[in-house]
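*Asks:* Below are the sequence and a predicted model; questions follow.
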Amino acid sequence: MDPDRGPWARAHAIVDAALDQPADRLDAFLSDACAGDAALESRVRQWLFGIQAAAADPPSVLGGYRHAPAEPVGSAPDRIGHYRIVRILGTGGMGTVFEGERDDGTFRHRVAIKMMRPAIAGSGEFVQRFNDERQILASLSHPNIAGLLDGDVTADGVPYCVLEYVEGHTLTGWCDARGLDLRGRIALVRQVCGAVGHAHTRLVVHRDIKPSNVLVTDDGVVKLLDFGIARLIDDSGEHAAITRPDGWPAAMTPEYASPEQFRGAPLGVATDVYSLGVVLHELLTGARPFPAARGWLALHDVVTHQEAPLVSSAPITPDDARHRGASVTALRALLRGDLDCVVARALARDPARRYRSVDELDADLMRYLAGEPVQARNGGRGYHIRKFVWRNRVAVGAAVIAAVTILTASLTAVLQARRLAAVSSQAMLERNAALDLSRVMLGFLELSWPWDSGGTTRALRPLLDSAGSRLLDPAGQLGSRYPYLLQSLASGYLGLGDYPRALAVEQRVLQLLEARGAPRDTLGLARMRVAESLRQSGRTDEGLALSAQAIADLMPTHPVLVTRLRIARARGLRRVDRAPEASASLDTAMRSLMRDSTGTQLTQASVWEVRAELALDAGELDRAATCFRRSLDLRLTARAPALEIGNGYGDLGKIALRQGDIRGADSLVTTAIERKSAAVGRAHPEVADEVASLAQVRLRQRRGAEALLLLEEALTVYRGVGRQSRIDGIVPLRDSLRSALRAGRS
């Protein structure tokens with residue numbers, strides 16, 4: 001031991017050696033090592049007690065480091081570099097993690113400092129591994145990865161790195177403490193997938209993914225920690241495993257290690273896919289795939305020679321089920337089928353049979369949350385039909401009920417009209433009105449059956465225009481007699497993205513209701529719809545004025561709608577550069593959601609989406625990305641409409657583009673186009689927004705000709721629905737690009 005390294009280094013070295021001592025020799029060892037220094041021995045014993053307590057309490061494991069007791073600050077150095085040491089957070093094989101605070105007079109900042117153990121700081125191999133970790137962290141920048149802030153060596157030559165301080169709880173502890181259901185847990189795993197996938201794009205394999213290396217903040221943001229044994233992938237897509245002198249692989253956590261890690265075989269992205277599968281298995285059931293295996297040799301045998309059992313057959317206890325908001329029987333039923341297949345594919349013993357990438361695993365989890373067929377399950381036509389019906393169960397059920405109701409009403413109206421046809425000319429008028437009403441309603445019913453037209457209605461606009469000509473014909477007065485049919489007509493135009501025509505119909509409805517002296521809440525609902533159509537049409541100031549009136553109308557009777565109105569109002573305020581008022585409106589909406597148990601995940605998603613837009617306006621790209629991701633996760637969990645989910649991917653794609661992640665932007669925007677097109681077809685303004693974004697991605701990829709075609713496609717759609725603001729924004733770019741291509745410039 002080097003006497004010049006001070007009391008903390010001496011305590012640290014003694015603790016390192018004491019951890020290898022048998023229990024019956026520990027007291028004698030400590031007496032000899034401390035050589036009568038009572039203060040030193042007290043520090044060492046307190047430190048050892050904290051480590052032993054942490055070992056008996058798995059939820060207290062932080063990022064791969066056993067929690068040290070909070071008290072023995074005296075056993076830590078006073079400062080490391082520019083940072084004052086506050087306390088020891090934990091200790092592990094490579095070193096110790098401290099909580100630190102920068103207080104050198106420039107600014108104050110709370111950090112975590114990972115410092116190599118002084119006892120191994122002279123080993124070239126360990127120093128190289130520590131430096132590798134710092135270099136790997138420096139190459140990563142992702143909202144779900146605890147980032148590197150600084151790094152250096154102490155005056156004693158001990159390397160350290162300064163990390164983002166994460167105030168959070170371990171992944172399993174966070175989920176269990178909140179009784180999170182399966183969907184919520186899967187949404188968190190998707191955040192982990194995003195972080196690991198980002199590392200893979202930088203050719204980094206983590207190799208030690210486990211719940212204790214994943215922290216979750218109080219607001220549900222995941223942070224992946226500890227790249228201490230991560231490695232860069234070579235040109236073959238693999239790297240050699242680290243092995244001990246006796247031939248066994250060393251750098252791994254056996255409970256979460258893949259078969260190839262146990263065998264000491266080359267490792268690649270499939271290794272992280274397997275570990276994510278173990279984490280997913282544990283989050284869903286409370287048990288790991290091979291919980292009965294204890295010890296290195298037992299785990300080696302089962303992991304390398306057996307396929308993991310199905311997740312639905314895991315040994316689930318009543319407490320495990322309760323933590324997931326279900327009974328044991330109900331939980332097994334939820335796990336059976338899709339989740340069985342997803343987890344089994346991630347845990348396949350042969351790496352070639354696993355998901356080819358973390359992105360593929362993430363995509364299947366996204367499909368599960370959205371109620372779509374998962375790729376891991378090779379289901380037939382019946383499986384796909386069941387998935388479609390379940391995903392659209394509300395619309396399908398409503399359509400069936402509507403069909404029966406409308407057909408019954410139509411038949412009744414026709415029969416009554418026939419009996420009364422001879423009575424008077426007034427009876428004939430009533431008969432014609434009933435038939436018109438039936439035809440219009442049956443026409444709208446066609447919109448509920450997307451399989452008739454490959455996901456969208458082929459003749460949707462002619463149908464709406466035909467219905468509109470009947471409903472708005474002053475001579476027939478059908479719309480005047482049935483204003484709620486006009487609202488259905490307006491919804492159809494909104495679905496097409498024809499906001500000006502939708503606005504005209506909504507305004508007609510409001511005029512009719514005002515003329516009839518409709519109740520205040522009915523008028524409030526109509527004003528709410530007109531306000532939204534005004535905002536969508538670009539007439540933001542008029543929309544804001546009307547939304548304020550709608551809030552006053554609906555406040556006494558429809559508090560949930562008022563919350564949604566406040567969110568929509570925040571969007572409008574942001575658009576006219578009134579960001580402080582927009583933030584205040586969002587805060588009020590969020591407080592209402594917290595008070596009202598009927599507040600839905602979709603409403604919360606809208607709040608996070610507008611917060612992201614405000615952060616984007618302020619140039620806070622990382623915060624915007626975090627908020628957009630949270631909004632998307634909520635919508636996926638709530639099985640939101642495809643357009644809303646597509647918007648989420650598109651928003652994240654735009655952030656990635658601004659951050660210079662061209663590959664990520666391409667993937668996200670392409671996903672947005674696919675999602676939206678499947679719901680409304682390619683020739684829709686919502687899809688055109690993403691097509692225009694993809695054009696910008698192609699420009700950054702120096703694929704100008706493709707970008708020009710995409711811009712022309714978007715312009716064609718915008719012209720069809722009269723979205724002049726979008727047209728004005730794209731035409732200059734289109735013209736400049738066209739000129740550049742003609743001149744042969746890149």
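*Replies:* The structure has been received and is ready for your questions. Residues are numbered from 1 along each chain as shown.
*Asks:* end to end, how far does stretch 259-275 reach?
*Replies:* Start-to-end span of stretch 259-275 (CA to CA, to the nearest Å) is 10 Å.
*Asks:* buried stuff in that stretch?
*Replies:* 259-262, 264-275 (16 or more other CB atoms under 10 Å). Yep, even glycine has a C-beta here, placed from its N, CA and C like the rest.
*Asks:* quick one: low-confidence ranges for the stretch 551-700 of the chain?
*Replies:* Scanning the stretch 551-700 of the chain for pLDDT under 70 picks out the ranges 590-601.
*Asks:* Which residue ranges of it form helices?
*Replies:* 559-575, 579-595, 601-617, 621-637, 642-658, 662-680, 685-700 (DSSP state H, counting those that start in this stretch).
*Asks:* quick check: angle from the fifth one to helix 685-700?
*Replies:* Interaxial angle, helix 642-658 versus helix 685-700 (axes from the mean of the first three to the mean of the last three CA atoms, to 10 degrees): 20 degrees.
*Asks:* Pull out the buried positions in helix 642-658.
*Replies:* So helix 642-658, judged by 16+ other CB under 10 Å, has buried residues 642-657.
*Asks:* can you tell me which of those lies nearest to residue 334?
*Replies:* Among the buried residues of helix 642-658, residue 645 lies closest to residue 334 (CB to CB), at 21.5 Å.
*Asks:* for that closest one, what are its contacts?
*Replies:* 370, 632, 635-636, 675 (CB atoms under 8 Å, 6 or more residues apart in numbering).
*Asks:* export these to TSV and tack on distance to residue 290 and neighbour count?
*Replies:* Below are the contacts of residue 645 laid out as TSV (distance: CB to CB, whole Å; neighbours: other CB atoms under 10 Å):
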residue	distance to residue 290	neighbour count
370	31	18
632	34	28
635	35	25
636	30	25
675	37	24
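*Asks:* Among those residues, which one sits closest to residue 321?
*Replies:* Closest approach between the contacts of residue 645 and residue 321, by CB to CB: residue 636, at 23.4 Å.
*Asks:* quick one, what contacts that closest one?
*Replies:* 187, 190, 366, 369-370, 645, 648.
*Asks:* Looking at the residues you listed, which are in helices?
*Replies:* Per DSSP state H, helices hold the following members of those: 187, 190, 366, 369-370, 645, 648.
*Asks:* Columns distance to residue 255 on top of those, output as JSON lines?
*Replies:* JSON lines is the format used below for those (distance: CB to CB, whole Å):
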{"residue": "187", "distance to residue 255": "24"}
{"residue": "190", "distance to residue 255": "22"}
{"residue": "366", "distance to residue 255": "27"}
{"residue": "369", "distance to residue 255": "27"}
{"residue": "370", "distance to residue 255": "31"}
{"residue": "645", "distance to residue 255": "35"}
{"residue": "648", "distance to residue 255": "34"}
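*Asks:* Give me the lowest-pLDDT entry from those residues.
*Replies:* For the ones in helices among the contacts of residue 636, the least confident position by pLDDT is residue 370, scoring 77.
*Asks:* pretty sure that residue contacts residue 639?
*Replies:* Yes - between residue 370 and residue 639 there is a contact under CB atoms under 8 Å: 6.0 Å.
*Asks:* Strands of the chain, start to end?
*Replies:* 61-62, 65-67, 79-80, 83-91, 95-102, 109-116, 148-153, 159-164, 168-170, 204-205, 214-217, 222-224, 231-232 (DSSP state E).
*Asks:* Select, out of those, the one closest to residue 707.
*Replies:* Nearest of these to residue 707, taken as CB to CB: strand 204-205 at 31.2 Å.
*Asks:* one step back: and the strands of the chain, which one averages the lowest pLDDT?
*Replies:* strand 61-62 (a mean of 32).
*Asks:* residues in contact with residue 567?
*Replies:* Going by CB under 8 Å, 6+ apart, the list of residues near residue 567 reads 585-586, 589, 603, 606-607, 610.
*Asks:* what does residue 541 give?
*Replies:* Contacts of residue 541 were listed using CB under 8 Å, 6+ apart, and they are residue 576.
*Asks:* do you know how far it is from residue 722?
*Replies:* 19 Å (CB to CB, to the nearest Å).
*Asks:* again with residue 563
*Replies:* Taking CB to CB, one finds residue 563 at 31 Å from residue 722.
*Asks:* my guess is residue 318 meets residue 328, correct?
*Replies:* Yes - Residue 318 is in contact with residue 328 according to CB under 8 Å; the separation is 6.1 Å.
*Asks:* what about the nearest residue to residue 561 once chain neighbours are set aside, distance to residue 529?
*Replies:* Distances taken as CB to CB, 6 or more residues apart in numbering put residue 554 closest to residue 561, at 5.2 Å, once the chain neighbours are dropped. As defined by CB to CB, residue 554 lies at a distance of 12 Å from residue 529.
*Asks:* Residue 313 too?
*Replies:* 51 Å.
*Asks:* how about low-confidence regions in the stretch 101-250 of the chain?
*Replies:* Scanning the stretch 101-250 of the chain for pLDDT under 70 picks out the ranges 104-108, 119, 121-123, 125, 228-250.
*Asks:* Mind jotting down where the helices sit in it?
*Replies:* With DSSP H, counting those that start in this stretch as the criterion, the stretch 101-250 of the chain has helices spanning 124-138, 171-177, 182-201.
*Asks:* Now that we have those, can you turn them into a markdown table and tack on distance to residue 30?
*Replies:* Output for the helices of the stretch 101-250 of the chain, formatted as a markdown table (distance: least, CB to CB, whole Å):
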| stretch | distance to residue 30 |
| --- | --- |
| helix 124-138 | 25 |
| helix 171-177 | 32 |
| helix 182-201 | 40 |
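*Asks:* List just the one of the helices of the stretch 551-700 of the chain that sits closest to residue 170.
*Replies:* helix 621-637 (19.2 Å).
*Asks:* still on that earlier bit, can you check which of the helices of the stretch 551-700 of the chain gets nearest to residue 521?
*Replies:* Of the helices of the stretch 551-700 of the chain, nearest to residue 521 by CB to CB is helix 559-575, at 9.1 Å.
*Asks:* before we move on, back to that, of the contacts of residue 645, just say which sits nearest to residue 738.
*Replies:* Of the contacts of residue 645, the one sitting nearest to residue 738 (CB to CB) turns out to be residue 675, at 29.8 Å.
*Asks:* Okay, that closest one and residue 352: tell me how far apart.
*Replies:* Counting by CB to CB, the gap from residue 675 to residue 352 is 29 Å.
*Asks:* One more: residue 360?
*Replies:* For residue 360 relative to residue 352 (CB to CB), the value is 13 Å.
*Asks:* More neighbours: those two, which one.
*Replies:* residue 360 (18 against 7; other CB atoms under 10 Å).
*Asks:* Enumerate every residue touching the more buried one.
*Replies:* Contacts of residue 360 (CB under 8 Å, 6+ apart): residue 375.
*Asks:* Now do it, the pLDDT please.
*Replies:* Residue 360 is given a pLDDT of 90.
*Asks:* so how many other residues sit close to the closest residue to residue 612 other than its chain neighbours?
*Replies:* Distances taken as CB to CB, 6+ apart put residue 627 closest to residue 612, at 3.5 Å, once the chain neighbours are dropped. For residue 627, the count of nearby residues is 25 (other CB under 10 Å).
*Asks:* need the contact list for residue 627.
*Replies:* For residue 627, the contact set (CB under 8 Å, 6+ apart) comprises 608-609, 611-612, 615.
*Asks:* Closest one of those residues to residue 344?
*Replies:* Closest to residue 344, out of all of those and judged by CB to CB, is residue 608, at 33.1 Å.
*Asks:* quick one on the thing from earlier: for residue 570, state which of the contacts of residue 636 is nearest.
*Replies:* Closest to residue 570, out of all of the contacts of residue 636 and judged by CB to CB, is residue 648, at 17.6 Å.
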